[in-house]
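*Asks:* Mind folding the following:
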Amino acid sequence: LSSFPPALLASKFDRVLQSQRIRTQSRLTITDREVGHIHYDSDGLCIYLLIASDAFPQRSAFAFLRAVRERLRTQGVVSEVEVDSARPHGLEAPGKRGLEVVSQAVMEFEKLEGGDRVGAVRLQVEATGEAMKGNVEEALRNQENIETLVDKTDLMRNEAEGWNRTAVAMNDKMWWQNQKWVIAIAVAF
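*Replies:* You can find the predicted model right below:
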């Protein structure tokens, strides 16, 4: 990132923050011709952004963002009260340990990516496990929705059959009534 001018990075961050995508998608990777990949993850309270090269794995990027979010929360750097009154570069303010926490996470991830392949694989396995967990939860929600739709379909089928029986009975009743009038008119003439 140091090879990019700060104004370019700021414009990329501003563009992402002003995008309608962040309102509809809590996680996304955006490919940019100038800077590479922009990854963001939102937890409803904050949006965590990372600009990484094309070679940096997406899973690792989201694992990094998750680690930064957890560290900032657990170490009390980010809280709901502070977020409401946050200002640009608020993590750099005196007394804030935000930059220190993020720097520690960067050094740990660089170490994992550089030499500790087992750790890197473990991080990828954890990220994949999280993705699979999300997929299973989504499948279970879909199954519940399908069951609800099946129940509603059965109810509608039963109501339609009842309506059909009533319509057939009414048709027969009206046919007999019509026949009675035909016979009554024929007898009268």
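*Asks:* who does the lengthiest helix in the chain touch, helix- and strand-wise?
*Replies:* Selection of the longest helix in the chain by residue count, based on DSSP state H, yields helix 117-188. Counting by 3 or more CB pairs under 8 Å, 6 or more residues apart in numbering; DSSP states H and E, the packing neighbours recorded for helix 117-188 are helix 58-74, helix 98-114. C-betas here are computed from N, CA, C, even on glycine.
*Asks:* number of nearby residues for Gly136?
*Replies:* Residue 136: Val, not Gly. For Val136, the neighbour count with other CB atoms under 10 Å is 10.
*Asks:* do you know how far it is from Val150?
*Replies:* 21 Å (CB to CB, to the nearest Å).
*Asks:* likewise Phe56?
*Replies:* Applying CB to CB to Phe56 and Val150 gives a distance of 45 Å.
*Asks:* Same check on Leu17?
*Replies:* Distance, Leu17 to Val150, by CB to CB: 43 Å.
*Asks:* try Glu137
*Replies:* In terms of CB to CB, Glu137 sits 20 Å off from Val150.
*Asks:* Okay, now the unreliable bits of the chain?
*Replies:* Along the chain, segments meeting pLDDT under 70 span 1-2, 77-97, 111-120.
*Asks:* repeat that for 90
*Replies:* Applying pLDDT under 90 to the chain flags residues 1-36, 39-131, 134, 188-189.
*Asks:* Comparing Phe56 and Val150, which residue is more hemmed in?
*Replies:* Phe56 (17 against 10).
*Asks:* How about the secondary structure of that one?
*Replies:* coil (DSSP: H, G, I helix; E, B strand; the rest coil).
*Asks:* Hmm, it is touching Thr29, no?
*Replies:* No - Phe56 lies out of contact with Thr29 (CB atoms under 8 Å); the separation is 10.4 Å.
*Asks:* Which neighbours do the two have in common?
*Replies:* His37 (CB atoms under 8 Å, 6 or more residues apart in numbering).
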